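[1] Please work out how this folds:
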Amino acid sequence: MAKQATARHILLNTEKLAKKIKKELNNNEISFEKAAKKFSKCPSGKKGGELGMFKKGDMVKEFDDIVFTKELNKIHGPIKTEFGFHLIQIT
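    Now for the predicted structure:
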């Protein structure tokens, strides 16, 4: 059976902005949901960055590499993909 995961992310145009938002998230200055709604350029931003359940291989490789190997509930990134820079939280 294929591995499955749930995650949420914030997709940004620049690494600089991604690092700034990650710092604010880690300092509890803004919630992940609010940051996603305000800054994410992905349609999932409207849902607080929620991507729901997905299988290994459903996302781009760089995304899968994080989601299926890193620890839960930490904010990972910025991760660069063809779409931009992601901050990823594996839920």
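
[2] And for K47, the neighbour number?
    Neighbour count for K47, taken as other C-beta atoms under 10 Å: 15. Yep, even glycine has a C-beta here, placed from its N, CA and C like the rest.

[3] For it, list the residues it contacts.
    A36 (C-beta atoms under 8 Å, 6 or more residues apart in numbering).

[4] What helices and strands are in contact with the longest strand seen in the chain?
    Ranked by number of residues, the top strand in the chain under DSSP state E is strand 4-12. Strand 4-12 sits against helix 15-26, helix 32-39, strand 50-55, helix 61-67, strand 84-90, with contacts defined as 3 or more C-beta pairs under 8 Å, 6 or more residues apart in numbering; DSSP states H and E.

[5] most tightly surrounded among those?
    strand 84-90 (a mean of 22; mean count of other C-beta atoms under 10 Å).

[6] name the helices or strands packed onto that strand?
    strand 4-12, helix 15-26, helix 61-67, strand 75-81.

[7] what about these, which gets the closest to A36?
    strand 4-12 (4.8 Å; C-beta to C-beta).

[8] And the closest one, how far out from the chain middle?
    Its chain's C-alpha centre and that of strand 4-12 lie 4 Å apart, by C-alpha atoms, centre = their mean, to the nearest Å.
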